[in-house]
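[1] Following is a predicted model, sequence given first.
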Amino acid sequence: MIFKKLKDNVMFKYHNIKRWTAMIATTAFIAAVLASCTKNFVKENAPYSGPATATLPQLYAGIGSNLFLAADVGDWSEARWLYPITQLGAVYAASDYAFVEGQNWTYFYQNLPAMNQMLTTMTTSPDSATYTNAIAMVKVLRAYQAIELSNTYGDMPYSKAGKAFSGSTSDLTPAYDKQQAIYLSCLGDLTWAVNHFTTSSSQYSFGSAEFLLGNDIGQWTKFANSLRLRYALTMYDKDSNDAGPIIADALKKPLLTDAIADEIGIGQAHVPTLSFDFRDFFFRQESRARMGSLLWSLFSNNNNTDGSGIFDLRCKIFFETKGDTTGDKGVPQWVPYPQNPATPVTDAGDPYNTSRDANWSDQKYLNGNEYSNYNYYWGRDGNIGGSSGACPEIFMSAAETDFLVAEAYAKGTGVTQNNSLAQAAYTAGVTASLTFWKNMAFTSTVWVVNKPTSGTPTQAELNAVLNNAKVTWSDATGLSLIYAQEWVDLFRQPWVAWTLMRRTGYATPQDTNDPTGYTQNYGSLQRYQYPGDEQQLNHTNWEAATGGKDLTSTKIWITK
């Protein structure tokens, strides 16, 4: 379940999304397209025969019930594909599942009709001025979801999609927008939101249904503006004329800066009863996920198995020692899996088995696990009954924002190039990242083994990272350092790391041991294929977008 409960009887459940979204449909036409922008459109274009009863808070809560799934690509795909593609992790055997997605597409086109209808209702209301904040919130969420989805597929239906409530059958087979057009439209919405959010007491509120930021308009403004910076930088190398002024303007307005308070995402802060069943699914279904040697090389000064070379506190939060200590006298050992081995290296054990709740080091499950795996607590965080303080499903963070500011000044994009300002922002980003991840493990009630004793990094812990030769700032290599540390911080957002990797021309850290093997296995994967029903039910527009060849090797517009 994503949400188990919201106050004031606004309740929605992840495993029952279809039933809930049917309840919240403002018209029969919205209900007709909830499964997809085109799915079963012929059958579902039947005359409407029931009342529309949903309130704006109910619609808003319904959007929230699958918001993160509409934006990212789902934990099952992350574990099997995005971690080895981005090289934020490794898998010791190729996935049994094809490189496909679909749920992010489906959930976005479930949300889009409700969003569009909400905006139509609020903007055409006689008292539309009182809905300014609500309109801005919906525009921000729509822009966020649309661009993140576009970053996984490329061109897609947008300006003509999600409008089946119009009553026109032509709206059931929408044309595909170019990715550049999607970016510009969404950046326009984000700019509007930043410039119109208001603290006026006359504003309508979603009340307790506001699941993301608890109606904090200051944070909403910072979130929207930080997204502007992310997306303008993402498209800068492809459209500097449009992106440059947006970057310059964003840097003059409020941005996410607080490492803890400004970590934006769906979490228990505003939905206390939230649980994260999908995390458990990640680990139960893909036990082949291991710590890769590439990320290990940025965390440790050497390969000492006792961990004496580890200088970055995030290592022990992201990963754990190998499970099989047979013959090692029970001494935990840090052993990374070779990132891209020329010849596959096997591993075994069952390190993600939930039975480890009772005994972290139970050899029954760890026997044969020769390589360090992802920290077991990631599968249990927010899933053990009554647990609290779980890491949110992150949309954007203060650390990422700092790295984006650093990039802008290091490259001189939209602003005058300035290494001093780049270094200051870079240092702030590393500090924010270390602070957030340590605080996350400290706050979560699930973390027990290797749990930090405080939620704030000591000066010695900060210095150990910032003064390490692999991290310390250099004007000559500043941009590489920025991308590397941003990449590390995106550990739980591999879909964003994938975008960063492609839009910078693979300037994020890359393993050099077997580049040919990496390219063959993962590097050629540039995008997801469109869901099969698009080809079947929206064929004319699908063919116009793909030329009849929906290839995963086709580079999307933002790719450098």
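    That came in fine, so what should we check first?
[2] roughly how far apart are Met115 and Val138?
    Per C-beta to C-beta, to the nearest Å, Met115 is found 5 Å from Val138. For glycine as for every other residue, the C-beta is placed from the backbone atoms N, C-alpha and C.
[3] Next, show the common contact partners of those two.
    Ile63 (C-beta atoms under 8 Å, 6 or more residues apart in numbering).
[4] neighbour count winner among those two?
    Val138 (25 against 20; other C-beta atoms under 10 Å).
[5] gap between the strand or helix carrying that one and the chain center?
    Using DSSP states H and E, Val138 sits within helix 132-153. Its chain's C-alpha centre and that of helix 132-153 lie 13 Å apart, by C-alpha atoms, centre = their mean, to the nearest Å.
[6] elements contacting it?
    helix 56-64, helix 67-71, helix 103-123, helix 179-196, helix 217-236, helix 494-503 (3 or more C-beta pairs under 8 Å, 6 or more residues apart in numbering; DSSP states H and E).
[7] now the angle from it to helix 217-236?
    30 degrees (axes from the mean of the first three to the mean of the last three C-alpha atoms, to 10 degrees).
[8] Start at 499, not 1
    With the count now opening at 499, the last piece we talked about shows up as helix 630-651.
[9] Extract the C-alpha trace of helix 630-651 and format it as PDB.
    The C-alpha trace of helix 630-651 is given here as PDB (Å, rounded to 0.1, in the frame of the first residue of the first chain):
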ATOM      1  CA  THR A 630      -4.500  30.100  -7.400                       C
ATOM      2  CA  ASN A 631      -2.500  27.900  -5.100                       C
ATOM      3  CA  ALA A 632      -4.500  24.700  -5.900                       C
ATOM      4  CA  ILE A 633      -4.100  25.400  -9.600                       C
ATOM      5  CA  ALA A 634      -0.300  25.900  -9.100                       C
ATOM      6  CA  MET A 635       0.000  22.600  -7.100                       C
ATOM      7  CA  VAL A 636      -1.700  20.600  -9.800                       C
ATOM      8  CA  LYS A 637       0.400  22.200 -12.500                       C
ATOM      9  CA  VAL A 638       3.600  21.400 -10.700                       C
ATOM     10  CA  LEU A 639       2.600  17.700 -10.200                       C
ATOM     11  CA  ARG A 640       1.500  17.400 -13.800                       C
ATOM     12  CA  ALA A 641       4.700  18.900 -15.000                       C
ATOM     13  CA  TYR A 642       6.900  16.700 -12.800                       C
ATOM     14  CA  GLN A 643       5.100  13.500 -13.800                       C
ATOM     15  CA  ALA A 644       5.100  14.400 -17.500                       C
ATOM     16  CA  ILE A 645       8.700  15.300 -17.800                       C
ATOM     17  CA  GLU A 646       9.900  12.300 -15.800                       C
ATOM     18  CA  LEU A 647       7.800  10.000 -17.900                       C
ATOM     19  CA  SER A 648       9.100  11.600 -21.100                       C
ATOM     20  CA  ASN A 649      12.700  11.100 -19.900                       C
ATOM     21  CA  THR A 650      12.000   7.300 -20.000                       C
ATOM     22  CA  TYR A 651      10.100   7.200 -23.300                       C
END
